[in-house]
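[1] Let's see this in three dimensions:
(one chain, ligands or ions: 2)
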Amino acid sequence: MSLLDLPATPGCSWRSSPRRCRPCCSPAPTGALSAEGRSSRRSVRREQRFMTTNANSGFTLWFTGLSGAGKSTLARAIEQRLRARGRNVEVLDGDEVRTHLSKGLGFSREDRDTNIKRIAFVCKLLTRNGVICISAAISPYREAREWARREIGRFVEVYVKCPLEVCRARDVKGLYRLVDEGKIKNFTGVDDPYEEPERPELVIETDRETPEQSVARIFAKLVELGYLEPEFAEETVPAGQAGESLAS
Ligand SMILES: Nc1ncnc2c1ncn2[C@@H]1O[C@H](COP(=O)(O)OP(=O)(O)OP(=O)(O)O)[C@@H](O)[C@H]1O
Ligand SMILES: [Mg+2]
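    Ligands and ions are numbered 1, 2, ... in the order given. Purely as a prediction, here's the structure:
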């Protein structure tokens, strides 16, 4: 039976077009989807579209901030969670890069820029091949970060912000002590510049939140920007339950 064979409701203004008067003239055929069903089917289609367009595409998460601000801690925590969900992730940590890719480079502006350009180059190659890249290097100069942004394209800058005094008190690697003893010169934030980002996608204040809270905020931003599926934003940590277990 076609729609045209269905009886029209008396008084229906769409009698001449039974297809359009279906809501009032014909009962929904057996097996037809309810409004709720149609909307959930639409959301499944949206999800599938997301999966084919974005979810398997790479992007670069670029952390910048002072030594001891929390870049490596956050990078590793995010890497862990993405890997657990089967995503391809690569972390380019400042310290590791300087022992391989940038071995021999110093801390002059020129060498720092070269270091960042090398990291950005690798991120660009990986990103365009579907890998999620996380850069965890101080990257003190705005211009070099902007260069990285232009080169990579799918780029999310996260300013890992923490006051110098707090970083100094943490002194995770004992470097601030060496600075105070005069054994290290040209240390970012002390006697070498750190240029704060002007328009980062996200600012994380690590002296005010736990690593778990920071990680949750970063995932929420990545979902908001369309780089990750919505499920990643669902596991938020209630303030009272967040601990320091992610610290490395
Ligand atoms: N919200 C937070 N996010 C990240 N780290 C935090 C946070 N709160 C406290 N921390 C602590 O701050 C320290 C950050 O050290 P981390 O090595 O990650 O810094 P970094 O930015 O990588 O420094 P560097 O540039 O010298 O490598 C860790 O001990 C970590 O536990
Ligand atoms: Mg680090």
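[2] Which residue, other than its chain neighbours, is closest to Leu222?
    Leu228 (4.4 Å; Cβ to Cβ, 6 or more residues apart in numbering). C-beta here means a position set from N, CA and C on the backbone, and glycine is covered the same way.
[3] Verify the stated contact: the one you found with Ala220.
    No: here Leu228 lies out of contact with Ala220, judged by Cβ atoms under 8 Å, at a distance of 9.5 Å.
[4] Looking at these two, which has the bigger crowd around it?
    Leu228 (23 against 17; other Cβ atoms under 10 Å).
[5] Show the contacting residues for the residue nearest to the spatial centre of the chain.
    By Cα atoms, centre = their mean, the mean C-alpha position of the chain lies nearest to Leu222, the distance being 3.7 Å. Contacts for Leu222 (Cβ atoms under 8 Å, 6 or more residues apart in numbering) come out as 59, 61, 156, 228, 232.
[6] Just confirm the third one is within a helix.
    It refers to Val156. No: using DSSP: H, G, I helix; E, B strand; the rest coil, the secondary structure at Val156 is strand, not a helix.
[7] Identify each of the strands in this structure and give its residue range.
    Along the chain, the stretches classed as strands by DSSP state E are 59-64, 89-93, 132-136, 155-161, 202-205.
[8] Where is the longest helix in this structure?
    helix 109-128 (DSSP state H).
[9] Distance-wise, check Val158 relative to ligand 1.
    Taking Cβ to the nearest ligand atom, to the nearest Å as the measure, Val158 falls 11 Å from ligand 1.
[10] ok, the nearest residue to that residue once chain neighbours are set aside - how many residues close by?
    Distances taken as Cβ to Cβ, 6+ apart place Leu202 nearest to Val158, at 4.8 Å, with adjacent residues excluded. Per other Cβ under 10 Å, the neighbour tally for Leu202 reads 20.
[11] State the distance from Leu202 to ligand 1.
    Where ligand 1 is concerned, Leu202 sits at a distance of 13 Å (Cβ to the nearest ligand atom).
[12] before we move on, the earlier item: adding mean pLDDT, write the strands of the chain out as CSV.
    Shown next, in CSV, are the strands of the chain (pLDDT from 0 to 100):
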stretch, mean pLDDT
strand 59-64, 98
strand 89-93, 98
strand 132-136, 98
strand 155-161, 98
strand 202-205, 98
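[13] want to try JSON lines for those, with distance to Val190 as columns?
    As requested, the strands of the chain are exported to JSON lines (distance: least, Cβ to Cβ, whole Å):
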{"stretch": "strand 59-64", "distance to Val190": "17"}
{"stretch": "strand 89-93", "distance to Val190": "21"}
{"stretch": "strand 132-136", "distance to Val190": "20"}
{"stretch": "strand 155-161", "distance to Val190": "17"}
{"stretch": "strand 202-205", "distance to Val190": "20"}
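[14] For the residue lying closest to Asp191 once chain neighbours are set aside, give its distance to Val172.
    Closest residue to Asp191 apart from its sequence neighbours, by Cβ to Cβ, 6+ apart: Lys185 at 6.5 Å. Separation of Lys185 from Val172 (Cβ to Cβ, to the nearest Å): 20 Å.
[15] neighbour count winner among those two?
    Just comparing Lys185 and Val172: by other Cβ under 10 Å the higher neighbour count belongs to Val172, 15 against 10.
[16] Ligand 1 contacts on the protein?
    Taking Cβ under 6 Å from any ligand atom as the test, the list of the chain residues beside ligand 1 reads 65, 67-74, 94-95, 136, 138, 170, 172-173, 206, 209-211, 214, 247.
[17] Could you pick out the buried ones from these?
    65, 67-74, 94, 136, 138, 170, 206, 209-211, 214 (16 or more other Cβ atoms under 10 Å).
[18] Contacts only, for the spatially closest residue to Asn115 that is not a sequence neighbour.
    Distances taken as Cβ to Cβ, 6+ apart put Ser102 closest to Asn115, at 4.5 Å, once the chain neighbours are dropped. Shown in contact with Ser102 (Cβ under 8 Å, 6+ apart): 114-115, 118-119.
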